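[1] Coordinates only, no sequence provided:
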């Protein structure tokens, strides 16, 4: 009996008063309660299964990792249940607060997280858990936990997405005939959160809770669900991705104002803008999982690359069809070669001198088609009709591109933000 009393004194930290008599009475009481207590036996419920009332207090949250689709949080998991075997009657004492070592000697629920991974309980400086016992046998237990859980994300609207991260709790090894979990709703949801909890990339919009059941080989188990509804901040992506890529696309349009004879400058500008946009895309894609679909960010980056590429293709058309004179005003080697080929046509099927006016007065679409088909005869007529004195004037294709490219890109931007922001604002 003295050994058991000494163990109780080591286990418990009772802070009611400095009265030694009261301390001794509590020690004797707890010693008597544990003498016949069997922690392997589940407490009996009142008129049915044992009810485990649960609530949570979230102390901090994050980080949320898209590459692994996981999130972490620190919380106080509070559970209460009734155990008739721990009822006591002691004058002037309604409840006893005990240290964490007392949990080793009593039954407690086998609560686990269905979608958890590598969750821990802080043990600095001691295990962060305490328990209270009321005189009617009610037990209140609070644990401080660091939870890592899976958060399935649909990244179609990334970075305008609003992920919902669940946390699923259940009791391992007990069916609904033995244990039922219920949210202890001191507020609307049963989950509270500190006002100073913030995330770097998300806003916590709302928290929903629900009671649920899960079925496995052991039977149907009672469980609880928490859903953290988040909304991603878009400011970081506006500054690091959308604005730089938009400016790079606008930079590619500068080539429309560069003289068509400056081929190295226009080609270098086009290649540089493509590589710059691709580099920004690789940096932003580095932290994302390799999903088989295109995100909203992928759509924007690919369209930007398309516009940069289109600027180079546009110069190819300009160089092929409208740059008909070299800088010195004479015919180039390719044009001389084309003329010789045409002069070798002995059949005289086409009289090119008589059709110069018709061939040169064509639209942009016809010019583009002839560029794809490699129409050398048309280019030969353009060379013969060129004004060697004035040289190469401003290309009509460049003039038209100065309006078409910015206008179409603005229309894309308007449609893009209208389409994706409807999810952000809903």
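    Nice, thanks for sending it over. Keep in mind the model is a prediction, meaning the values are calculated, not measured.

[2] Residue 274 sits in which helix or strand?
    Element membership for residue 274, per DSSP states H and E: helix 263-285.

[3] Show me what counts as buried in the following helix or strand past that helix.
    For helix 263-285, the following helix or strand on the C-terminal side (DSSP H and E) is helix 296-317. Buried positions in helix 296-317, judged by neighbour count with 16 or more other CB atoms under 10 Å: 296-298, 300-301, 303-305, 307-312, 314-315, 317. Using the backbone N, CA and C atoms, a C-beta is placed for each residue, glycine as well.

[4] do the same with stretch 218-231
    So for stretch 218-231, counting by 16+ other CB under 10 Å, buried means 221, 222, 223, 224, 225, 226, 227, 228, 230, 231.

[5] Averaged pLDDT, the helix holding residue 274. What do you get?
    The pLDDT scores in helix 263-285 average 91.

[6] show me where the stretch 1-150 of the chain has helices.
    2-11, 20-35 (DSSP state H, counting those that start in this stretch).

[7] mean pLDDT lowest for which of the ones you listed?
    helix 2-11 has the lowest average pLDDT among these, namely a mean of 40.

[8] I figured residue 93 hits residue 134, correct?
    No: under the criterion of CB atoms under 8 Å, residue 93 is not in contact with residue 134, lying 9.8 Å apart.

[9] Can you mark which positions in stretch 170-188 are buried?
    Taking 16+ other CB under 10 Å as the criterion, stretch 170-188 shows 170, 171, 174, 175, 176, 178, 179, 180, 181, 183 as buried.

[10] now stretch 68-87
    In stretch 68-87, counting by 16+ other CB under 10 Å, buried: 69-83, 85-86.

[11] One more: stretch 259-270?
    Quick answer for stretch 259-270 (16+ other CB under 10 Å): 260, 266, 269, 270.

[12] The first one in helix, strand or coil?
    Which is residue 260. For residue 260, the assignment made with DSSP: H, G, I helix; E, B strand; the rest coil gives coil.

[13] Give the bridge partners for the closest residue to residue 118 other than its chain neighbours, please.
    Nearest residue to residue 118 in three dimensions, chain neighbours excluded: residue 148, at 4.9 Å (CB to CB, 6 or more residues apart in numbering). Residue 148 has these beta-bridge partners by DSSP bridges: residue 72.

[14] Need the per-residue pLDDT for residue 148.
    94.

[15] need the contact list for the residue positioned nearest the centre of the chain.
    Nearest to the mean C-alpha position of the chain, by CA atoms, centre = their mean, lies residue 66 at 4.8 Å. Contact partners of residue 66, counting by CB atoms under 8 Å, 6 or more residues apart in numbering, are 153, 155, 158, 287, 288, 289.

[16] gap between residue 135 and residue 95?
    Per CB to CB, to the nearest Å, residue 135 is found 7 Å from residue 95.

[17] contacting residues around residue 314?
    256, 397, 398, 401.

[18] Lowest-confidence entry in the residues you listed?
    Where pLDDT dips furthest among those: residue 397, at 82.

[19] is it true that it touches residue 318?
    Yes: under the criterion of CB under 8 Å, residue 397 makes contact with residue 318 at 5.0 Å.

[20] So what sits opposite the residue nearest to residue 142 when sequence neighbours are not counted in the bridge?
    Once flanking residues are discounted, residue 142 sits nearest to residue 78: 4.7 Å by CB to CB, 6+ apart. On DSSP bridges, the residues paired with residue 78 through beta bridges are residue 55, residue 142.
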